[in-house]
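Visitor: Quick one, fold the following:
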Amino acid sequence: MTEQASTAKTLWAIDNSHSHIQFKIKHLMISTVTGGFNKFEASVETQGEDFGKAAIQFSADVNSIHTGDAQRDGHLLSADFFDAEKYPTISFRSTGLEENAEGNYILNGDLEIKGEIKPVQMKVSFEGIAKDPWGNTKAGFSLEGSISRSDWGLTWNAPLEAGGFLVSDQVKILCEVQLIRK
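Guide: Predicted structure coming up:
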């Protein structure tokens, strides 16, 4: 992801004020609801500024979920969905990163939701490295993926009179991430 590489390990943390973790899901089969998490953290370990073999750990506080509707957020926190009282954290740990034909990357890892760990893949676009006005080194990434929520036991739904279901099984994951070198 950068030509500069060194043998020294570099630690990075997520810059929460410049990062967004979002999901999108079809509702009533006709529109899309967007949500996200307000509280999350990530650590990344690289060789110098080379993210090609990065070790990535991420977690989100389920209780920080927001969709713009307090009643829906409460339902998502219940046992029907995330069961936040029993499972307060969603976590991800990388297992590998591979460059694809377009010069971007595929991030492989294990996603844990409600105590279930399943492999996932995310498309990653490396946006570059820059210094901010205070001398901090930052790295930017866009991530995109999709999961079937039923794989993690998120199966609550309601059938629609005209056919189909209230909530889609497919969930799009979209992340804009800025890391800061420690």
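Visitor: May I see the buried residues of stretch 60-72?
Guide: Ala60, Val62, Ile65, Thr67, Arg72 (16 or more other C-beta atoms under 10 Å). Just so you know, the C-beta spots here come from the backbone N, C-alpha and C atoms, and that holds for glycine as well.
Visitor: quick one, what contacts the second one?
Guide: I take that to be Val62. Contacts for Val62 (C-beta atoms under 8 Å, 6 or more residues apart in numbering) come out as Phe37, Leu77, Phe82, Ala84, Tyr87, Pro88, Thr89, Ile90.
Visitor: Helices - which of those land there?
Guide: Leu77 (DSSP state H).
Visitor: can you map out the helices along this protein?
Guide: 70-77.
Visitor: And the residue lying closest to Ala158 once chain neighbours are set aside, what's its pLDDT?
Guide: Excluding the flanking residues, the one nearest Ala158 by C-beta to C-beta, 6 or more residues apart in numbering is Leu166, at 4.2 Å. Looking at Leu166, its pLDDT is 90.
Visitor: count of neighbours near Leu166?
Guide: Per other C-beta atoms under 10 Å, the neighbour tally for Leu166 reads 13.
Visitor: Please tell me how far it sits from Arg72.
Guide: Leu166 sits 11 Å away from Arg72, going by C-beta to C-beta, to the nearest Å.
Visitor: No more questions from me, cheers.
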